[in-house]
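Asker: Sequence and predicted structure below; questions after.
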Amino acid sequence: MTTGSGQDENSGTTPVREGFAFDEASLARWMTEHVPGFEGPLAVEQFKGGQSNPTYKLVTPGRAYVLRRKPPGQLLKGAHAVEREAKVLTGLEKAGFPVAHVHALCTDDAVIGTWFYIMDMVEGRVFWDARLPEVAAADRPAYFDAMNATVAALHQVDHEAVGLGDYGRPGNYFERQIGRWSKQYVEDVDAGRDPDMDRVIEWLQANIPPGDETSIVHGDFRIDNMIFHPTEPRVLAVLDWELSTLGHPLADFAYNAMMYHMPPHIVAGLAGADLAALNIPGEDAYIAAYCARTGRDSIPNYRFYTAFNFFRMAAIFHGIKGRVIRGTASSAQAAERAKVFPELARIAWAQIG
């Protein structure tokens, strides 16, 4: 999961950080055998952004690739499943959804020390600030509309038809998700407990809305997890699929719309922004556009979905805090992000109160 609010601290690449280097010659040999058209020599850089799965830019004379790998060190069971990322990207490409093309997946630890996959490097614009300061005010609504159209399109992909019928367990999504993240929160004793988090968990467990739906969900659908066309309000690729599964589309949409309540110093958010002055559509208009695209009249229990998403993000930041303490966090900003966990827990409770 990518976190952060600053263009400079998250965009671009850096030399491979200490503890995240690997045998580049071994990788080049593997790519020669498994990536069609690959020709070295190979140079490796590490992307600045990203907390969980270390991500690298692979540069060759003819083209660039992206490598996503499991982080080194002791991992929680089921976390950092790069093989799932490769599977969902491959399925979504079949549906015509904007994702990077996956060339190959490696499940042999002997090559670089952990599992990884190789995908295309998609060139375009990544916006780390949801207020879009780089975009002319007159053009901002079109960028938000493109993001809205993209999340709506995702939730209408026929997951069975693209080979993702087994990508998750349909049904009881909130019960399972609340259980999963609560368990991970409780078991990560290194990172400790928080009273706001404890009462949010109790409230969510008691207030799951009736009814159920199933679609592919991204799990981290934010403006900074998209690559836009270099000059047009068009999404070329959605990134960072490590939290994707089969789940409830309204949970996924509310996560995207959570930007309206998110302080920008945590992740790309609009809390406190003058939306009218910025010419950015408000939350009600954004919800209405999604409803129109997906054939809904409204979103009942919207407050639950928002609280659930702040809870889940808090749980993720709690996990980052645990990895910082254990020395396995993959970003230079991880320790800074870990400090924000209590604030996220407070915001989650504020959605309820």
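Answerer: On my side now, so go ahead.
Asker: Only C-alpha atoms from now on, for both contacts and neighbour counts.
Answerer: Will do.
Asker: now what about stretch 30-45, what contacts it?
Answerer: Residues outside stretch 30-45 that contact it (C-alpha atoms under 8 Å, 6 or more residues apart in numbering): 13-16, 24, 28, 56-62, 103-104, 111.
Asker: With just CA atoms, put it into PDB.
Answerer: Extracted in PDB, the C-alpha atoms of stretch 30-45 (Å, rounded to 0.1, in the frame of the first residue of the first chain):
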ATOM      1  CA  TRP A  30      15.700 -15.300 -15.300                       C
ATOM      2  CA  MET A  31      14.200 -12.500 -17.400                       C
ATOM      3  CA  THR A  32      16.100 -13.700 -20.500                       C
ATOM      4  CA  GLU A  33      14.300 -17.100 -20.100                       C
ATOM      5  CA  HIS A  34      10.800 -15.800 -19.000                       C
ATOM      6  CA  VAL A  35      10.200 -12.300 -20.400                       C
ATOM      7  CA  PRO A  36       9.600 -12.200 -24.100                       C
ATOM      8  CA  GLY A  37      11.800  -9.700 -25.900                       C
ATOM      9  CA  PHE A  38      14.000  -9.000 -22.800                       C
ATOM     10  CA  GLU A  39      17.500  -7.800 -23.700                       C
ATOM     11  CA  GLY A  40      20.100  -6.500 -21.200                       C
ATOM     12  CA  PRO A  41      22.100  -5.000 -19.800                       C
ATOM     13  CA  LEU A  42      19.900  -4.400 -16.800                       C
ATOM     14  CA  ALA A  43      20.000  -1.500 -14.400                       C
ATOM     15  CA  VAL A  44      17.900  -1.500 -11.200                       C
ATOM     16  CA  GLU A  45      16.500   1.400  -9.200                       C
END
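Asker: tell me the average confidence for that stretch?
Answerer: Mean per-residue pLDDT for stretch 30-45: 96.
Asker: buried sites along it?
Answerer: Buried residues in stretch 30-45, defined by neighbour count with 16 or more other C-alpha atoms under 10 Å: 31, 35, 38, 42, 44-45.
Asker: Could you give the separation of it from the chain centroid?
Answerer: Centre-to-centre, stretch 30-45 and its host chain are 27 Å apart (C-alpha atoms, centre = their mean, to the nearest Å).
Asker: Not counting its neighbours along the chain, what's nearest the residue nearest the centre of the chain?
Answerer: Central residue of the chain (C-alpha atoms, centre = their mean): Asp220, 3.3 Å from the mean position. Excluding the flanking residues, the one nearest Asp220 by C-alpha to C-alpha, 6 or more residues apart in numbering is Leu243, at 6.7 Å.
Asker: Just flag the most distant two among the buried residues of stretch 30-45.
Answerer: Val35 and Glu45 (18.7 Å; C-alpha to C-alpha).
Asker: Pop out the phi and psi values for the residue nearest to the centre of the chain.
Answerer: Per-residue torsions, Asp220: phi -150, psi 40 (degrees, to the nearest 10).
Asker: In contact with it, which residues?
Answerer: The neighbourhood of Asp220, defined by C-alpha under 8 Å, 6+ apart, consists of 1, 240-241, 243-244, 252, 255-256.
Asker: hang on, the earlier thing: with secondary structure and distance to Arg326 as extra columns, can I get the buried residues of stretch 30-45 in JSON lines?
Answerer: Output for those, formatted as JSON lines (DSSP: H, G, I helix; E, B strand; the rest coil; distance: C-alpha to C-alpha, whole Å):
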{"residue": "Met31", "secondary structure": "helix", "distance to Arg326": "32"}
{"residue": "Val35", "secondary structure": "coil", "distance to Arg326": "35"}
{"residue": "Phe38", "secondary structure": "coil", "distance to Arg326": "37"}
{"residue": "Leu42", "secondary structure": "coil", "distance to Arg326": "32"}
{"residue": "Val44", "secondary structure": "strand", "distance to Arg326": "26"}
{"residue": "Glu45", "secondary structure": "strand", "distance to Arg326": "25"}
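Asker: Next, the buried residues of the helix or strand containing His318.
Answerer: Secondary structure assignment for His318, by DSSP states H and E: helix 302-326. Buried residues in helix 302-326, counted by 16+ other C-alpha under 10 Å: 304-324.
Asker: Report the next helix or strand after the lowest-mean-pLDDT helix or strand in the chain in sequence order.
Answerer: Least confident helix or strand of the chain, by mean pLDDT, DSSP states H and E, is helix 7-10 with a mean of 51. Downstream of helix 7-10, the next assigned helix or strand under DSSP H and E is strand 13-14.
Asker: What average pLDDT does stretch 152-161 get?
Answerer: Throughout stretch 152-161, pLDDT has a mean value of 98.
Asker: In that stretch, which residues are buried?
Answerer: Applying 16+ other C-alpha under 10 Å to stretch 152-161 flags 152-155, 157, 159 as buried.
Asker: swap in stretch 339-353?
Answerer: Buried residues in stretch 339-353 (16+ other C-alpha under 10 Å): 340-342, 344-349, 351.
Asker: Check what contacts it and list those residues.
Answerer: So stretch 339-353 is contacted by 194, 196-197, 199-200, 266, 303-304, 306-311, 313-315, 317-318, 321 (C-alpha under 8 Å, 6+ apart).
Asker: With that, I have no additional questions.
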